[in-house]
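Enquirer: sequence and predicted structure below; questions after.
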Amino acid sequence: MSEKLEKYASIEPPGEPGRKYCERPEGTLTRWLQDYRAVIYRVVMVYAFDTGTQEDLFQEIAAALWRSIPKFAGKSKESTWIYRVALNTAIDQLRAEKRRPKTQSYEDSDHWVDLEEPDESITILYAGMRTLTGVDRSLLLLYLDGNSYAEIGEILGISTNSVGVKLLRAKEKLKTALSSTTTVHSPENH
């Protein structure tokens, strides 16, 4: 994990609903990136596979947040807005990646070797989540971040009842993915 992304891992976003954004867009973007860096970091880690892609996705999310400032009217919590922009950007990038031909340079193939390894359980969780669809990843990410069903529904634009049903299915898919991942990584198999 790069130093740029790692510094965002341990800082939690504030829980201040209704906080007004700055009049100057530069101030709003700076504050959003500071206050909600942990939210953005978690989205990046769930949707991007390697350091280069993670840094690109972070930049894309920052650019999308910048473009979204004039549209933010304060009718929802800032965290809801930022989640929505970050998740939509990540899902859009994931779709674009699927359309691009798969290529990997020699330099990129060993990119993780020199980096500090994240906690193994987190690595396994991210690997399991990456096998899911974009919507399932979003649901689980928002749930694991402690959002209520109502907040998840608002962020994703679905009903609270749909959140419950879809989340149950996503958990089952993740459980299946993790059981196959942990079987591969368990000590008995080495």
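Expert: Perfect, thanks for sending it.
Enquirer: quick one, phi psi at S76?
Expert: Per-residue torsions, S76: phi -120, psi 170 (degrees, to the nearest 10).
Enquirer: no wait, N147
Expert: Torsion angles at N147 (phi, psi; degrees, to the nearest 10) stand at phi -80, psi 150.
Enquirer: likewise Y36?
Expert: According to degrees, to the nearest 10, Y36 has phi -120, psi 20.
Enquirer: show me what the longest helix along the chain is packed up against.
Expert: The longest helix of the chain (DSSP state H) is helix 160-185. Applying 3 or more CB pairs under 8 Å, 6 or more residues apart in numbering; DSSP states H and E, we find helix 160-185 packed against helix 120-130, helix 134-144, helix 149-156. Where C-beta positions appear, they are placed from N, C-alpha and C, glycine not excepted.
Enquirer: now do the contacts for the residue positioned nearest the centre of the chain.
Expert: Geometric centre of the chain, nearest residue: V43, 0.9 Å, by CA atoms, centre = their mean. Residues near V43 by CB atoms under 8 Å, 6 or more residues apart in numbering: L57, I61, Y83, A86, L87, A90, L141.
Enquirer: just those residues now: which is nearest S148?
Expert: Y83 (12.6 Å; CB to CB).
Enquirer: surely that closest one touches G153?
Expert: No. Judged on CB atoms under 8 Å, Y83 makes no contact with G153 at a distance of 11.8 Å.
Enquirer: so which bits of stretch 27-43 are buried?
Expert: Applying a neighbour-count criterion of 16 or more other CB atoms under 10 Å, the buried positions in stretch 27-43 are T28, L29, W32, L33, D35, Y36, R37, V39, I40, Y41, R42, V43.
Enquirer: out of the residues you listed, who's nearest P70?
Expert: T28 (9.9 Å).
Enquirer: element containing the closest one, please.
Expert: With elements taken from DSSP states H and E, the one containing T28 is helix 25-35.
Enquirer: how close does the nearest residue to F58 once chain neighbours are set aside get to E60?
Expert: Distances taken as CB to CB, 6 or more residues apart in numbering place V44 nearest to F58, at 5.2 Å, with adjacent residues excluded. In this view, V44 and E60 are 9 Å apart by CB to CB, to the nearest Å.
Enquirer: looking at these two, which one has more neighbours?
Expert: Taking other CB atoms under 10 Å, V44 and E60 do not tie; V44 has more neighbours (23 against 18).
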